[in-house]
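Quick one: sequence plus predicted model below, questions after.
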Amino acid sequence: MAGQVQAPNTCSTTPTCRENGETTQWGKVAIRSLSCKRGTGMKVISRTADPTELSIPHRSRLYRLKPIGAKTPLVESMTGYVGRLAEAYDVPVQVLFRNELGPLLARPQLYTANHAASFLRSTGHAINGKDHLAHDTILALDTLLGGYDLHLHTLTMCAWADAISSHDLVRAIRAWCPVCYQTWLEAGQTLYEPLLWAVTVVTVCPVHNQYLKTFSTS
Ligand SMILES: [Zn+2]
C-alpha cells in the first residue's frame, strides 16, 4: 500500500537520487511522488508496494446495487430491481437492456431501441417468473454484477420452479399498495416493487390488508 517514509540519509537536492521502481529498504520508489526538501537535510520519499503484490478486488461491469428486502417476504422484484439499476445510471430501462443485458441474453429483438421498448412492454414482466427469460436475466446480471452473492434468483419465482405452474404466474401490468408507498415515503425509505405485488394470485397487501391497485382498476 502507498505510504510515506522519511529516509534517514542526508539531503540530496535532485530527485534523481532514487530511480523510479528502484527497490529500497522502504519499498519500491514511485518517481511521481518523490520529492526533495532542499536544505532541510531530509529527503521525503513516497513508496509503493510491488504492484504484483497488491490484492485488487474484482471489478464488476455494472454497479452492484443491493436488492431491497432480501430474505424477507417483501423481497424486491426483478423488474423493480432492473428499473432501479437503470435509474442509478440515469438511463431508460430499454437502454440498459439493449446495451448490457441484450447481448448476454442473445435476443436480437433487444438490439434496437424500438424493439427493446416493445419487447419489454410485451414480455418484460416475464423476468419476474420462472421460465427461460427469468433464468437468462439472472445469469446475465450475475455476469455484469460479478458474482452470485446478491442472490438475484430470489427476485424471481425461480425458487418455486418445481412447485407451481408458470401459467399466468406473474402480472403483465404493475400492481402496488399505496399505503406501503406512503409509509416508505414518510420513513424516508427507498420506494421499490416487492415481488409479491407481481404475483397474479396476490391481490391484497399482506401488511395493510388492502387490495392492490393496478393501472386497470385504479
Ligand atoms: Zn401495503
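The structure has been received and is ready for your questions.

Which pLDDT value belongs to the residue nearest to residue 126 when sequence neighbours are not counted?
By the measure of Cβ to Cβ, 6 or more residues apart in numbering, the closest residue to residue 126 outside its immediate chain neighbours is residue 133, 4.6 Å from it. Using the backbone N, CA and C atoms, a C-beta is placed for each residue, glycine as well. pLDDT, the model's per-residue confidence, is 89 for residue 133.

Spatially central residue (nearest the centroid) of this protein, please.
Centroid-nearest residue in the chain: residue 64, 2.3 Å away (criterion: Cα atoms, centre = their mean).

quick one: that residue and residue 144 touch, right?
No - distance between residue 64 and residue 144: 9.4 Å, which falls outside the contact criterion (Cβ atoms under 8 Å).

who touches residue 159 in this structure?
residue 153 (Cβ atoms under 8 Å, 6 or more residues apart in numbering).

What's the separation between it and residue 105?
Relative to residue 105, residue 159 is positioned 21 Å away (Cβ to Cβ, to the nearest Å).

Please tell me how far the residue nearest to the centre of the chain sits from the ion.
The spacing between residue 64 and the ion, counted by Cβ to the ion, to the nearest Å, is 28 Å.

With residue 160 instead?
Distance from residue 160 to the ion, by Cβ to the ion: 22 Å.

Quick one: residues contacting that residue.
Contacts here follow Cβ under 8 Å, 6+ apart; on that basis residue 160 touches residue 130.

If we use 10 Å, what do you get?
When contacts are counted by Cβ atoms under 10 Å, 6 or more residues apart in numbering, residue 160 touches 129-130, 166, 169, 199.

What about the ion: which of these touch it?
Near the ion, taking Cβ under 5 Å from the ion as the test, no member of the contacts of residue 160 is found.
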